[in-house]
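> My questions are about this predicted structure, shown below with the sequence.
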Protein chains: 2
Amino acid sequence: MVLSTEAIRQHLEQTRALVDAELERILPPAEEYPPSIHKAMRYSVFAGGKRLRPILCLEAGRLFSGDEKILLRVGSALELIHTYSLIHDDLPALDNDDLRRGKPTSHVVFGEAAAILTGDALLTLAFEAIAGAGDGAASRTLQVIQELAHAIGTLRGMVGGQVVDLETTDSTSDSARLEYIHSAKTGAFMRAAMRSGAILTDANQDDLTRVTAYGEKIGLAFQIADDLLDVLGSQAELGKTIGKDEQQHKATYPALHGIEASQRIASRLVEEACEALKPYGARARILQGIAHYLIVRSS
Amino acid sequence: MVLSTEAIRQHLEQTRALVDAELERILPPAEEYPPSIHKAMRYSVFAGGKRLRPILCLEAGRLFSGDEKILLRVGSALELIHTYSLIHDDLPALDNDDLRRGKPTSHVVFGEAAAILTGDALLTLAFEAIAGAGDGAASRTLQVIQELAHAIGTLRGMVGGQVVDLETTDSTSDSARLEYIHSAKTGAFMRAAMRSGAILTDANQDDLTRVTAYGEKIGLAFQIADDLLDVLGSQAELGKTIGKDEQQHKATYPALHGIEASQRIASRLVEEACEALKPYGARARILQGIAHYLIVRSS
């Protein structure tokens, strides 16, 4: 019953192609005036990336037979938000990263002013795309917008996590702080990606609770895997500067708990995530496969 | 029948107090974790400002007896968006302004990284606040979100205008370009503020057309008045660095058309804006008064 890594890889690849085609439809053409910003938006969105958040949103919605078209639109908008956050995080004033997804970052290619505005534009376009996803019950769409905006905001959300991360320069800082950073910076948005997919369907409260548990657990597992990759991976594999966390004395799981314990924690989280979806039987196979796939990368 | 400047001033003052109280409710408390970002958000939002966009939204909605509570929430969210745009525009990489509304700009007080994230957080919170405005028909709220996101986006919207403005360093550049910058950078958002207020009510298509015309015309008049103030005003009055436009060879109305012609154009636009609302008789007195009040500042 468990899907092979290869089957999951293929499924992810197919879904990624759907998401990329939808992003192509959402983004203004590169030549649209003013072309510089539309080129910069497309450069970063199409610079690679696993489209993990769109896929989570889609798969969560598919679990409850949601409308594929709406799920694809909302899911793809999540990638716009994710890309905005990467562009701003990479800025000289923040993480000052030159390389992302194996390519020069936005501010390196287009300059700092353009990179700031490109992030702003992607965030804005995401909300426009979601609000225009159409057809479904409007009140569900509004709920999704609130859910997402909260998840990328300051209160245990992405921006809050980024703020605390920037203010944390002691890599052995306490684990409560590390927990906050991970859950706010990455976890909240992945949780919201899952919940958004489910909210757009006829999922009930119990469904939502299960999907939320899955989202929270793989969100954290993913972040730990990412921390591990920064220690263990090669720059070529990762497509971004490695060893930066330690260099910048970032709070990470390996720094606080050691490599092996971090791997164990990640594995346990994945098991728990899969367990949460057990009531759905075979319908949950894809999401369970994705959970395992996520940490294979780092071990 | 025409309201005195003093009556308008008083009315604006009262409405501003309502908006400020609502902003107080929308923004997380300064001590909420992580406090640095919430302090920075509040610093810029409460650094002054006329609350013009919220007031336009409110007054447009009042014209059609809209729900005061929803209008106030959505209108106040527009001020969050406006503040986000000011914080990002003032950044060293963009306009590099140290002074805004008479106070040191966000990046001067909190640093560049915090200023970028504070803008991001305000934009995000705005959409959350609008989506949660509640009660009204959800499909109207979604329409408002689309309308606003478009108005602050790249396609003849605020970010598009900012991009072209940054790319324009020749102050005698052609008037089509100047028109684009003004209409995209400021006009689109003021137009959307008016339309949002009306959309949240039972306004019909004709009403929307009139309100749109008013918004477009005063948006442009306001921008011309702002250009004129940069030439004629004193720094104390204006609360921001003056003479910057000329220094930076920005495209402006006075630079292209001269001071007197610019004043004439602004006056004509105000007359046309008032004319557009004539069918509403006395109900339009406030908005007509506001239109006149806007350019009094600069002549």
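Cool, the structure landed.

> What is the subsequent helix or strand relative to the helix or strand containing A:R53?
Using DSSP states H and E, A:R53 sits within helix A:52-63. Sequence order places helix A:68-89 as the next helix or strand after helix A:52-63, per DSSP H and E.

> elements contacting that next one?
Here helix A:68-89 touches helix A:5-26, helix A:35-45, helix A:52-63, helix A:112-131, helix A:138-151, helix A:158-167, helix A:188-199, helix B:112-131, going by 3 or more CB pairs under 8 Å, 6 or more residues apart in numbering or on different chains; DSSP states H and E. C-betas here are computed from N, CA, C, even on glycine.

> can you put those in TSV and add mean neighbour count and mean pLDDT?
What follows is the helices and strands packed on helix A:68-89, written out as TSV (neighbours: other CB atoms under 10 Å in any protein chain shown; pLDDT from 0 to 100):
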stretch	mean neighbour count	mean pLDDT
helix A:5-26	15	95
helix A:35-45	22	96
helix A:52-63	26	95
helix A:112-131	26	95
helix A:138-151	22	91
helix A:158-167	24	90
helix A:188-199	27	95
helix B:112-131	26	95
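
> contacting residues around the closest residue to A:T105 other than its chain neighbours?
Leaving out its chain neighbours, the residue that sits closest to A:T105 by CB to CB, 6 or more residues apart in numbering or on different chains is A:D90, at 4.3 Å. Counting by CB atoms under 8 Å, 6 or more residues apart in numbering or on different chains, A:D90 touches A:96-98, A:100, A:105-107, A:115.

> from the residues you listed, which ones fall inside helices?
Using DSSP state H, A:106-107, A:115 are the members of these that sit in helices.

> how far away is A:A133 from chain B?
Per CB to the nearest CB, to the nearest Å, A:A133 is found 9 Å from chain B.

> so that residue, which of the three states?
Secondary structure for A:A133, judged by DSSP: H, G, I helix; E, B strand; the rest coil, is coil.

> what phi and what psi does the backbone show at A:D98?
For A:D98, the backbone dihedrals (degrees, to the nearest 10) come out as phi -90, psi -20.

> what about the closest residue to it other than its chain neighbours, how many residues close to it?
Nearest residue to A:D98, sequence neighbours excluded (CB to CB, 6+ apart): A:V108, at 5.4 Å. By other CB atoms under 10 Å in any protein chain shown, 16 other residues sit near A:V108.

> hmm, back to that, buried ones among the contacts of A:D90?
Among those, those scoring as buried are A:97, A:100, A:105-107, A:115 (criterion: 16 or more other CB atoms under 10 Å in any protein chain shown).

> from those residues, which is closest to A:V45?
A:S106 (10.4 Å; CB to CB).

> returning to that earlier point: for the helix holding A:R53, packing partners?
Secondary-structure packing of helix A:52-63 (3+ CB pairs under 8 Å, 6+ apart): helix A:5-26, helix A:68-89, helix A:188-199, helix A:205-232, helix A:285-296.

> could you give the angle of the fourth one to helix A:158-167?
Yep, that's helix A:205-232 we're talking about. Inter-element angle recorded for helix A:205-232 and helix A:158-167: 30 degrees (by axes from the mean of the first three to the mean of the last three CA atoms, to 10 degrees).

> now helix A:205-232, how far from the centre of its chain.
Put simply, helix A:205-232 sits 10 Å off its chain's centre (CA atoms, centre = their mean, to the nearest Å).

> and it, what's its mean pLDDT?
Taken as a whole, helix A:205-232 carries a mean pLDDT of 92.

> Can you mark which positions in that helix are buried?
For helix A:205-232, the neighbour count (16+ other CB under 10 Å) marks A:207-208, A:210-231 as buried.

> Go ahead and name everything in contact with stretch A:133-149.
A:67, A:69-70, A:73-74, A:77-78, A:81, A:127, A:130-131, A:189, A:192, A:195-196, A:199-200, B:124-125, B:127-128, B:131-132, B:137-139, B:141-142, B:145.

> let's go with 6 Å and repeat that
If you take CB atoms under 6 Å, 6 or more residues apart in numbering or on different chains as the criterion, stretch A:133-149 is touched by A:70, A:73-74, A:130, A:192, A:195-196, A:199-200, B:124, B:127-128, B:131-132, B:138-139, B:141-142.

> same question, stretch A:188-199
Outside stretch A:188-199, the residues that touch it by CB under 6 Å, 6+ apart are A:53, A:56-57, A:60-61, A:71, A:74, A:78, A:140, A:143-144, A:147-148, A:151-152, A:157-158, A:207-208, A:211-212, A:215-216, A:219.

> CA atoms of that stretch as CSV?
What follows is stretch A:188-199, C-alpha atoms only, in CSV (Å, rounded to 0.1, in the frame of the first residue of the first chain):
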residue,chain,number,x,y,z
ALA,A,188,2.7,28.3,9.9
PHE,A,189,2.6,28.7,6.2
MET,A,190,2.8,25.0,5.4
ARG,A,191,0.0,24.4,8.0
ALA,A,192,-2.0,27.1,6.3
ALA,A,193,-1.3,25.6,2.8
MET,A,194,-2.9,22.3,4.0
ARG,A,195,-5.8,24.0,5.8
SER,A,196,-6.5,26.2,2.8
GLY,A,197,-6.9,23.3,0.5
ALA,A,198,-9.2,21.6,3.0
ILE,A,199,-11.2,24.8,3.7
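
> Report the contact partners of the residue nearest to the spatial centre of chain A.
Nearest to the mean C-alpha position of chain A, by CA atoms, centre = their mean, lies A:R53 at 4.4 Å. Neighbour list for A:R53: A:78, A:82, A:193 [criterion: CB under 6 Å, 6+ apart].

> again, only using 8 Å
Neighbour list for A:R53: A:75, A:78-79, A:81-82, A:189-190, A:193 [criterion: CB under 8 Å, 6+ apart].

> how far away is it from B:K39?
For A:R53, the distance to B:K39 (CB to CB, to the nearest Å) stands at 30 Å.

> Then A:I37?
31 Å.

> ok, now A:L72?
Applying CB to CB, the value for A:L72 to B:K39 is 39 Å.

> ditto for A:L200
36 Å.

> Retrieve the pLDDT associated with A:T172.
Looking at A:T172, its pLDDT is 56.
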